[in-house]
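Peer 1: Fold the following and give me the result.
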Amino acid sequence: MPEKNKANIWKRAPVIILLALLLCTVLTSCFQNADGTTTNIFDLLIVKPFAFILKTIYQLVHSYGLAIIIFTILTKILLLPLTIKSKKGMMEQQRIAPKLKELENKYKNDKQKYQEEMTKLYQKEGISPMGGCLPTLISLPIMLGLYWPISQPLTHLMNLTKDQIAEVTARLGLTTTATHMSEMTVAQAIYENFDKVKDISDKIIPMNFDFLGVNLGAIPSFTQFNVLFLLPIISGATAFALTKLTNWLQYKSTGVMPQQANGMMTFIGPVMSIWIGFSLPVGLTLYWITGNLISMLQEILLTKYFDKLKLKEEEKIKFGESAKQNNKTSKGAHKK
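Peer 2: As a prediction, this is how the structure comes out:
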């Protein structure tokens, strides 16, 4: 095997290992609980800590909606180092995009030569090809871990077993379909009828899912136009605005419009956000809307930050070139 191919394999190895580990943590059940259920590494290291944080916030503010907003802000702060690294990598990729395009046109009939020249370009510019997406891959399990505590408060915030949840739903007269669709719906019913179920377990706590007149445990319907109907639309709109803002800021900073700026992905994400918003409790939609708005603010601030660094670097280079030129001029004058 050629040495260059071996080098490329070793470069890809960390990414492959990371993806394999992520898959294992999600799928592998490692610990057996007293009730016979199992807990995997993903639950132990990510879901349970986030569930504890969300529960603690709720107990402080006594509002599930406000707890979700604070929780989202905290997780965005937690992921900020990865966000910064990802943003830096994406801006570097956009900066050298014209040079990559030139190489692609120049060596369009010689793929091997193109790969070699592209590798040289990355090395010369000091850029990692995975610089923009590797931090995103690392943050992916954390983002997945946020979903479960918010969507399943009975399981993750109250730590109820399946049998206890079944008994709760039976006493409250809820149907199996409603239970399957939303633990948040059951949790709101517990809040409204706490005396009926409080003796099932001392872990059951009354959690108010009413936020600004909206029941966060409810699921919107396409056929009923109300406040619930608007929230998935707002979620899709903020997702679309975030994508457009990110592309515009990259163009303003690098002078190069991202290739996917007007592609299908620009619309697929927001449309999926709307569709999912009509399938899940609006508490999750509130989480996505808050996350999109915070991400927009992060994009603006990080772009300004990296633009200032870029300007300082350019001024430093110009100053160095100017100093060299003045040094040459002075030496020439001295010889005369």
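Peer 1: Keeping just the C-alphas, turn stretch 230-243 into CSV.
Peer 2: Taking Å, rounded to 0.1, in the frame of the first residue of the first chain, the C-alpha atoms of stretch 230-243 are listed here in CSV:
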residue,chain,number,x,y,z
LEU,A,230,-48.1,28.7,15.3
LEU,A,231,-45.2,27.3,17.3
PRO,A,232,-44.0,24.7,14.7
ILE,A,233,-44.2,27.4,12.1
ILE,A,234,-42.1,29.7,14.2
SER,A,235,-39.6,26.8,14.7
GLY,A,236,-39.3,26.3,11.0
ALA,A,237,-39.0,30.0,10.4
THR,A,238,-36.2,30.4,12.9
ALA,A,239,-34.4,27.4,11.5
PHE,A,240,-34.6,28.9,8.0
ALA,A,241,-33.5,32.3,9.3
LEU,A,242,-30.5,30.7,11.1
THR,A,243,-29.4,29.0,7.8
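Peer 1: Check which residues of that stretch are buried.
Peer 2: Within stretch 230-243, the residues scored as buried using 16 or more other C-beta atoms under 10 Å are 231, 232, 233, 234, 235, 236, 237, 238, 239, 240, 242, 243. Backbone N, C-alpha and C define where each C-beta goes, glycine included.
Peer 1: now, which of these sits nearest residue 282?
Peer 2: residue 231 (5.0 Å; C-beta to C-beta).
Peer 1: Could you pull out the strands in the protein for me?
Peer 2: 29-32, 38-40, 210-211, 214-215 (DSSP state E).
Peer 1: Next, work out how far apart residue 279 and residue 162 are.
Peer 2: Using C-beta to C-beta, to the nearest Å, we find residue 279 at a distance of 22 Å from residue 162.
Peer 1: Surely residue 274 is in contact with residue 231?
Peer 2: No - in this structure residue 274 lies outside contact range of residue 231 using C-beta atoms under 8 Å: 9.9 Å.
Peer 1: Identify, among the helices and strands of the protein, the element with the weakest mean pLDDT.
Peer 2: Here the helix or strand of the chain ranked lowest by mean pLDDT, DSSP states H and E is helix 176-181, holding a mean of 46.
Peer 1: Need phi/psi at residue 202.
Peer 2: Per-residue torsions, residue 202: phi -80, psi 0 (degrees, to the nearest 10).
Peer 1: Could you do residue 152 as well?
Peer 2: phi -130, psi 70.
Peer 1: any idea how far residue 171 is from it?
Peer 2: Taking C-beta to C-beta, one finds residue 152 at 19 Å from residue 171.
Peer 1: In terms of neighbours, single out the busier of the two.
Peer 2: Neighbour tally, residue 152 and residue 171, criterion other C-beta atoms under 10 Å: the higher count belongs to residue 152, 20 against 15.
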